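Enquirer: Next come a sequence and a model predicted from it.
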Amino acid sequence: MSDTPGRFDSQNSQPVKEPAFNVPLVVLLIVLSMPTLFFFQRDLPDMGMSMAFAPADLEQGRWGGLLTAMLLHGGWTHAIMNAVAALAFGTPVARLFGGKMGPTVFLLFYIGCGVLAALGYGLIHWGSAEPMVGASGAVFGLIGAATRLLGGQGRVLTMTDRHVIGAAIAWMAVNAVTGLIGYAPGAEGARIAWEAHAVGFVVGFLAIGPLGRLFGKGVAPKSIGGV
């Protein structure tokens with residue numbers, strides 16, 4: 001007598017193994033772009049400072065620096081630290097967005113966080129001519145978003161969730177201490193502003209809710225490391 005087809009399938013089937021390194025392509029491209037762009041930035045006559053952002057630019061109607069400053073870094077340490085953070089926190093955010101529009105939504109979210117972070121810094125330091133560079137504002141936007149994803153089991157956690165509140169307070173405390181002691185690794189030649197970090201974090205923290213409802217695919221990230 002033969003067994004019923006499929007009777008022991010669950011016993012004999014091999015467990016599905018996920019790739020050891022499963023980072024969304026859009027995240028990987030952003031991560032690789034940081035050290036790559038800095039490699040070429042070093043050869044520019046002014047180290048790219050003509051594309052940096054200074055709050056005084058807003059008074060004079062020069063808005064391009066809000067975007068181009070994200071493409072520059074103050075040193076190898078600065079570029080690598082931002083790349084590592086983008087890899088860790090960008091991965092769960094990118095995984096949240098499904099469908100063909102997912103990568104585009106993630107990229108616009110990342111850029112939006114960076115631009116608004118620089119704008120917030122410019123408004124806080126209105127009129128200052130001190131240049132600011134780096135993608136840290138955008139990266140902190142990813143951190144803010146990931147703060148509401150970790151442990152969400154397929155959904156964006158509410159802002160009032162105690163775990164979310166605890167993590168947000170911890171991140172803001174670390175950022176404040178960074179600003180108070182003036183620690184900016186690899187920041188030769190330009191300011192890396194902790195205020196921009198804070199604004200970027202808040203933007204990501206708030207925006208991930210509506211974006212998750214509109215574009216989320218309902219799959220919770222398994223880990224914040226993305227590997």
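Expert: Received the coordinates, thanks.
Enquirer: For the rest of this, base every contact and every neighbour count on C-alpha atoms.
Expert: Noted.
Enquirer: Quick check: chain neighbours aside, which residue is closest to residue 140?
Expert: The shortest distance from residue 140 to any residue other than its chain neighbours is 4.7 Å, reached at residue 201 (C-alpha to C-alpha, 6 or more residues apart in numbering).
Enquirer: Contact partners for that neighbour?
Expert: Listed by C-alpha atoms under 8 Å, 6 or more residues apart in numbering, the contact partners of residue 201 are 113, 137, 140-145.
Enquirer: Which of those sits closest to residue 197?
Expert: Distance ranking of those against residue 197, using C-alpha to C-alpha, places residue 137 first at 4.6 Å.
Enquirer: mind checking pLDDT for the closest one?
Expert: The confidence metric pLDDT takes the value 95 at residue 137.
Enquirer: helices and strands around the host helix or strand of it, which ones?
Expert: Following DSSP states H and E, the helix or strand that holds residue 137 is helix 136-147. With contacts defined as 3 or more C-alpha pairs under 8 Å, 6 or more residues apart in numbering; DSSP states H and E, the packing partners of helix 136-147 are helix 76-96, helix 102-124, helix 162-181, helix 194-215.
Enquirer: For the chain, which residues score under the pLDDT cut-off?
Expert: For the chain, residues meeting the criterion pLDDT under 70 lie at 1-21, 152-154, 179-192, 217-227.
Enquirer: Just give me the closest of the contacts of residue 201 to residue 125.
Expert: residue 137 (15.4 Å).
Enquirer: circling back: farthest pair in the contacts of residue 201?
Expert: With distances taken as C-alpha to C-alpha, the most widely separated pair in the contacts of residue 201 is 137 and 145, at 12.5 Å.
Enquirer: What count of nearby residues applies to residue 165?
Expert: Here the neighbour count serves as a burial measure; for residue 165 (other C-alpha atoms under 10 Å) it reads 14.
Enquirer: swap in residue 69?
Expert: By the other C-alpha under 10 Å criterion, the neighbourhood of residue 69 contains 24 residues.
Enquirer: hang on, it packs against residue 136?
Expert: No. Between residue 69 and residue 136 there is no contact, the gap being 10.1 Å when judged by C-alpha atoms under 8 Å.
Enquirer: circling back: can you say which of the helices and strands packed on helix 136-147 is packed in most?
Expert: helix 76-96 (a mean of 23; mean count of other C-alpha atoms under 10 Å).
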